[in-house]
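In: how would this look folded up:
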Amino acid sequence: MRQVKTGDSVKVHYNGRLSDGSEFDSSAGNEPLAFTLGDGEVIAGFDEAVLGMAVGESKTVTIPAEQAYGPLLPDMVARVARADLPEDLELTLGAQMEVSQEDGSTFLVMITELGDDFVTLDANHPLAGKDLVFDLHLVEIVEPTTH
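Out: Next up is the predicted model:
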C-alpha cells in the first residue's frame, strides 16, 4: 500500500485537543483538511505525523509545542496603560483585537488581564507553549492531474 511522502497532496480528517482533553479544532462535519506535505501549509509536527501513513490509516499523535506553535514568548506580552487606549474601546478578558503598527502592518493580540489602570495584551499564538494531541485519519493521497 502506498505511503505518504514529502510533496504528496493529501486529505486528512483530524481532531485536535490539548493534553487536558479540551478540543481546539476538528474537521468533523466538514471537508477533510487538504494540504501538500513539506509546503509549510500546516505546523511541522502535523506534516511529520502524516508522513508515512497509508490511505485509511488512523493514529493519535502528540505534537510538542516546539513543533506546533512554538514556546510562549514573554516579549510578546505587553502591559499597556488604559489611558493609552481609545476611550470607546470595549475591553473584554479573552477577546482578540487587531493592533496597528507604525508601518501600517497589523497583528492580533488577546486581552489576558484587565486591571483598573492597565490592560495586558498577548501577541503569542493562542496555542503557543502547548503540546497538541491530534487524532488523524488519512482519507486520500491526491493523485496529480495530468493534462
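
In: contacting residues around Arg2?
Out: For Arg2, the contacting residues are 54-55, 141, by C-beta atoms under 8 Å, 6 or more residues apart in numbering. (Each C-beta comes from the backbone N, C-alpha and C, glycine too.)

In: for Val42, same thing?
Out: Taking C-beta under 8 Å, 6+ apart as the test, what Val42 contacts is 33, 35.

In: mind doing that once more with 7 Å?
Out: Shown in contact with Val42 (C-beta atoms under 7 Å, 6 or more residues apart in numbering): Phe35.

In: what strand or helix carries it?
Out: When elements are defined using DSSP states H and E, Val42 is found to belong to no helix and no strand.

In: if you rank every helix and strand of the protein by mean pLDDT, what lands last?
Out: strand 96-100 (a mean of 88; mean pLDDT, DSSP states H and E).

In: for the chain, which segments count as strands?
Out: All strands of the chain, identified by DSSP state E, fall at 9-18, 23-26, 33-36, 58-63, 77-81, 96-100, 106-114, 118-122, 132-142.

In: of those strands, which shows the lowest average pLDDT?
Out: Note on the strands of the chain: lowest mean pLDDT is at strand 96-100, with a mean of 88.

In: one step back: can you pick the most crowded of the contacts of Arg2?
Out: When the contacts of Arg2 are compared by neighbour count (other C-beta atoms under 10 Å), Ile141 ends up highest, at 18 neighbours.

In: the residue nearest to Leu89 when sequence neighbours are not counted and Ala68: what is the separation?
Out: Using C-beta to C-beta, 6 or more residues apart in numbering and skipping the chain neighbours, the partner closest in space to Leu89 is Met97 (7.8 Å). According to C-beta to C-beta, to the nearest Å, Met97 and Ala68 sit 24 Å apart.
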